[in-house]
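>>> Got a predicted structure here, sequence first:
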Amino acid sequence: MHFTSLSKTILFFIFMSTAAAAPAATFVYVSNAEDGDIGVYTLQPDGALKPGARVKAGNLVMPMAASPDKRFLYAAVRSKPYAVLTYAIDRNTGALTQLSGGALAESYPYISADKSGRFLLGASYGGHQVGLNAIGKDGKVSDPLQVIPTGRNAHSIITDQTNRYVFVPHLGTDQIFQFKLDAKAGRLASNTPAVVQMKAGTGPRHIIVSADNKFVYLLNELTATVTTLALDAKTGLLTEAGSASALPADTKLVPGAPRAPIAPGQTPRDVASDIWASDLHLTPNGKFLYAAERTSSTLGAFGVDGATGKLSYLASTPVEKQPRGFAIEPRGKYLVVSGEKSETISVFSIDGSSGALALLQKYPTGKGSNWVEIVGFD
């Protein structure tokens, strides 16, 4: 068949437009603590999930974090010996290949990679500490470089968008610890002041930073409130700016209390009506924020004022039983939520105008599903 120059040009542009329209590959990873493995799913453009392999990890595998360049997935094992596992991510299929394991100083319910991808940060609820491990170019994690004793029940750890500052909520002391990160030396040092004192009995748990680095949002486990804090770009210090509840006004739940293992012979406390919030995430465009509450098994939705950081409660949506973790995919169209007491995970669509969540489909998962990590490729 003979092609003229014009025909070739037309075919070229058809090919390029088709390639440009091809959906980006997006993969969903769910850690199953009781089964000791990680479920792998492919998120389709219409929000459907295509289940893939279940990858072996370790007993009580829980928090996960992706490297900034999306080449690696890190998963922390909370049973002894405490470790973090590195998996290479196949950008075409999402398949995970375990590369190595590195030691962690303690049981970490939360890990994150710094913005450079050279360091892994961890917070220990039971060990009352934070730790820093180096990450090699091959994704392998070193033994701990730095371990810092902090207040009671460190629950999460993140950097700001500039990678200069680190924030660590502490449930047991109702504080946020403020650090400076020396990314060249790989060291954390206390900022001045070292802590922000929050309201007693609120239980600071998870924390996220707005894309423009102006605000930090803090989820309080024991009250299900989300606190807005202004972030000073020059000093890295936080100042409380407001708060809103993730529960409806007519909720029957009451403020909770810190939870600890039940000692032999001890009568468990009745927690059936206790507030027990778990996780929060912003949509990529910053318009909506969602917070999970485990006792009611709901996600509370907020509208976000980008100029002031103010949150406005919108609605609560029933989700999986005892939702400990969820995530929003990079386009901001879908949300995936797991439940520790559920045998399924759910995909919800996000209404771009109202922030309303609509259940699309449920999919089988492992036992004790607790963390959702989503990695999208352009």
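Sure, I can see it. Nothing here was measured: the structure is a model prediction, and the numbers come from that model.

>>> Need the pLDDT of L311.
With respect to pLDDT, L311 scores 98.

>>> Can you measure across stretch 124-142, start residue to end residue?
18 Å (Cα to Cα, to the nearest Å).

>>> Check the average confidence over that stretch, would you?
97.

>>> Okay, buried residues for that stretch please.
Neighbour-count burial for stretch 124-142, counted by 16 or more other Cβ atoms under 10 Å, picks out 124-125, 127-135, 139, 141. In this view, the C-beta of every residue, glycine as well, is placed from N, C-alpha and C.

>>> ok now it, how far from the chain's centre?
16 Å (Cα atoms, centre = their mean, to the nearest Å).

>>> Kindly report the same for stretch 331-347.
13 Å.

>>> For the buried residues of stretch 124-142, work out which two are farthest apart.
H128 and G139 (28.8 Å; Cβ to Cβ).

>>> if we can go back for a sec, if we take the buried residues of stretch 124-142, which one ends up nearest to L253?
Using Cβ to Cβ, the buried residues of stretch 124-142 come closest to L253 at Y125, 21.9 Å.

>>> For the stretch 51-200 of the chain, which segments count as strands?
Ranges of strands in the stretch 51-200 of the chain, per DSSP state E, counting those that start in this stretch, are 61-66, 72-77, 83-89, 96-103, 110-113, 119-124, 129-135, 141-149, 158-159, 165-170, 175-182, 187-197.

>>> and the ones you listed as CSV, adding distance to A233?
Formatted as CSV, the strands of the stretch 51-200 of the chain follow (distance: least, Cβ to Cβ, whole Å):
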stretch, distance to A233
strand 61-66, 24
strand 72-77, 28
strand 83-89, 31
strand 96-103, 33
strand 110-113, 20
strand 119-124, 21
strand 129-135, 23
strand 141-149, 24
strand 158-159, 14
strand 165-170, 9
strand 175-182, 13
strand 187-197, 13
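
>>> Out of these, which is closest to T251?
strand 165-170 (22.6 Å).

>>> Other residues contacting the closest one?
Strand 165-170 has contacts (Cβ atoms under 8 Å, 6 or more residues apart in numbering) with 121, 123, 130, 150-160, 175-181, 188, 191, 204-207, 209, 216, 218, 231, 236, 238.

>>> Please indicate which of those residues are buried?
Buried among the contacts of strand 165-170 (16+ other Cβ under 10 Å): 121, 123, 130, 150-151, 153-160, 175-179, 181, 188, 191, 204-207, 209, 216, 218, 231, 236, 238.

>>> circling back: between the buried residues of stretch 124-142, which is nearest A315?
Y125 (30.2 Å).

>>> in its sheet, what does the host helix or strand of A292 sit against?
Following DSSP states H and E, one finds A292 within strand 288-293. Strand pairing for strand 288-293, using DSSP bridges, gives strand 277-282 (antiparallel), strand 298-304 (antiparallel).

>>> residues of the last one that come out buried?
What that stands for is strand 298-304. 298-302, 304.

>>> The nearest residue to R152 once chain neighbours are set aside: neighbouring residues, count only.
Spatial nearest neighbour of R152, excluding adjacent residues (Cβ to Cβ, 6 or more residues apart in numbering): G172 at 2.7 Å. By other Cβ atoms under 10 Å, 17 other residues sit near G172.

>>> Tell me who's in contact with G172.
Per Cβ under 8 Å, 6+ apart, neighbours of G172: 128, 151-153, 258.

>>> From Y108, how far off is it?
16 Å (Cβ to Cβ, to the nearest Å).

>>> Tabulate the buried residues of strand 298-304 in JSON lines, adding columns for pLDDT and distance to M62.
Compiled in JSON lines, the buried residues of strand 298-304 are given as follows (pLDDT from 0 to 100; distance: Cβ to Cβ, whole Å):
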{"residue": "T298", "pLDDT": "98", "distance to M62": "22"}
{"residue": "L299", "pLDDT": "98", "distance to M62": "20"}
{"residue": "G300", "pLDDT": "98", "distance to M62": "23"}
{"residue": "A301", "pLDDT": "98", "distance to M62": "25"}
{"residue": "F302", "pLDDT": "99", "distance to M62": "26"}
{"residue": "V304", "pLDDT": "98", "distance to M62": "28"}
